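*Asks:* here is my input; please provide its structure:
(one chain, ligands or ions: 2)
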Amino acid sequence: MNPLDRITLTGLRAFAHHGVLEFERTDGQTFVIDVTVHLALSDAAAGDDLAQTVHYGVLADQVVAAVERDPVDLIETVAERVAVTVHKPDAPIAVPFADVSVTILRGRLDVPRAGEVAVIALGSNLGDREHTLVAALEELDAVDGVSVVSSSPLIETIALRPAGADPDAPRYVNAVALIRTTLAPEQLLDVLHAIESAHGRERAERWGDRTLDLDIVSYGELEQQTERLTLPHPRAHERDFVLRPWLAVDPDAALPGRGPVAELLARLDAGSPQPPHPEHSDGAA
Ligand code: A4P
Ligand code: MG
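*Replies:* Ligands and ions are numbered 1, 2, ... in the order given. Here you go, the predicted structure:
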């Protein structure tokens, strides 16, 4: 199947009572849904046969019905129901915001078994952050030799600068994706840099604001340190905005040389220092 074959419906509107707050449950609010269905369009195009594709009117009705059914606390749960992006433009959040959204890519059936599993961290704190991350995932999936297996919810995080957390800087949206790839690690890094450039990434200052950052958190069990690429990523083990979404997408995740992600995150939450890596000194690269 060509991974680019898809039907996308954007901006479907549903009115529902999802949310953790009392008034969200009683008053309800608007949810905006984007849905992408990956499918083999070539057969339907060749035969001009509606039955071989997905009738998008029917799809739209089903998606809206799924979103409007019994109220739940989290839009993550709603997204799970329909495997789509759900936006909550009127979310009751105290700080100014444009939208909050969550994307769940369902476990896929068409992912090849060949190649290595790699973990990619995505971050953006400039522009249309959610849109950029979702687009980057689609572009990554479209690369020959790369398949996105699953992706975490998008989370909003406070910018970490060299001097520490900076609540005044534009906030990040972060996510983690699991991919399967037949590319070598450096080839994968080149692909990530090309996608970053296509989204207008500029490198001015260290840990400066960026439209898109794509890092390789880990590549199989590989541990290496070259001029261009350190694996696993040398700071992943101390970053909430990497470990939390990674754990959400893979509860059994482990960082090579560091141990289970659940334990690394628990130590971070407790404010305890991470143990040093047994073989190389920390903080390099
Ligand atoms: N490089 C080496 N190892 C890797 C790897 N595993 N994955 C080299 C990706 N790149 C790797 O990265 C600099 C160089 O690192 C690359 O050219 C590559 O050869 P970059 O993407 O050009 O610049 P950067 O991302 O600013 O550098 P750095 O130091 O890797 O930044 P970090 O550690 O990724 O931190 N706050 C929040 N809330 N959320 C964020 O996502 N991200 C950063 C960037 C800072 N603060 C943040 C976030
Ligand atoms: Mg980076």
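*Asks:* please work out how many residues are found near the spatially closest residue to Ala114 that is not a sequence neighbour.
*Replies:* Nearest residue to Ala114, sequence neighbours excluded (C-beta to C-beta, 6 or more residues apart in numbering): Thr182, at 5.8 Å. Every C-beta, even on glycine, is put in place using the N, C-alpha and C of the backbone. Thr182 sits with 14 neighbouring residues when counted by other C-beta atoms under 10 Å.
*Asks:* for Thr30, same thing?
*Replies:* Thr30: 12 surrounding residues under other C-beta under 10 Å.
*Asks:* that one in helix, strand or coil?
*Replies:* Here Thr30 is strand, with the state taken from DSSP: H, G, I helix; E, B strand; the rest coil.
*Asks:* thought it was touching His17?
*Replies:* No: Thr30 is beyond contact range of His17, at 11.4 Å (criterion: C-beta atoms under 8 Å).
*Asks:* give the contact list for the residue nearest to Ala114.
*Replies:* By C-beta atoms under 8 Å, 6 or more residues apart in numbering, the residues touching Thr182 are Pro112, Ala114, Gly115, Glu116, Gly145.
*Asks:* per-residue pLDDT, it?
*Replies:* Thr182 is assigned a pLDDT of 95 by the prediction.
*Asks:* among the contacts of Thr182, name the buried ones.
*Replies:* Gly115, Glu116, Gly145 (16 or more other C-beta atoms under 10 Å).
*Asks:* got the CA coordinates for the helix or strand in which Ile216 is found in PDB?
*Replies:* Per DSSP states H and E: Ile216 is located in strand 213-219. What follows is strand 213-219, C-alpha atoms only, in PDB (Å, rounded to 0.1, in the frame of the first residue of the first chain):
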ATOM      1  CA  ASP A 213      13.100  19.600  16.300                       C
ATOM      2  CA  LEU A 214      13.400  15.900  15.500                       C
ATOM      3  CA  ASP A 215      15.800  13.900  17.500                       C
ATOM      4  CA  ILE A 216      16.700  10.200  17.500                       C
ATOM      5  CA  VAL A 217      16.100   9.100  21.100                       C
ATOM      6  CA  SER A 218      17.200   5.600  20.500                       C
ATOM      7  CA  TYR A 219      17.900   3.200  17.500                       C
END
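*Asks:* what helices or strands is the helix or strand that it is followed by leaning on?
*Replies:* Later in the chain than strand 213-219, the nearest helix or strand by DSSP H and E is strand 224-225. Counting contacts by 3 or more C-beta pairs under 8 Å, 6 or more residues apart in numbering; DSSP states H and E, strand 224-225 packs against strand 230-231.
*Asks:* contacts for the strand it packs on next, please.
*Replies:* The contact list for strand 230-231, computed with C-beta under 8 Å, 6+ apart, reads Pro185, Ile216, Ser218, Tyr219, Leu222, Glu223, Gln224, Gln225, Pro256, Ala284, Ala285.
*Asks:* could you rerun that using 10 Å?
*Replies:* If you take C-beta atoms under 10 Å, 6 or more residues apart in numbering as the criterion, strand 230-231 is touched by 118, 185, 189, 216-225, 236, 256-257, 280, 284-285.
*Asks:* can I get the buried ones among these as something I can paste into PyMOL?
*Replies:* Under the burial definition 16+ other C-beta under 10 Å, those of those that qualify are selected in PyMOL by:
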select buried, resi 118+185+189+216+217+218+219+236
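*Asks:* let me have the buried ones among the contacts of Thr182 in a markdown table, adding pLDDT as columns.
*Replies:* Compiled in a markdown table, those are given as follows (pLDDT from 0 to 100):
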| residue | pLDDT |
| --- | --- |
| Gly115 | 89 |
| Glu116 | 94 |
| Gly145 | 93 |
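*Asks:* show the contacting residues for Ala175.
*Replies:* Contacts for Ala175 (C-beta under 10 Å, 6+ apart) come out as 102-103, 120-124, 130, 133-134, 136-137, 151-155, 241-242, 245-246, 248-249.
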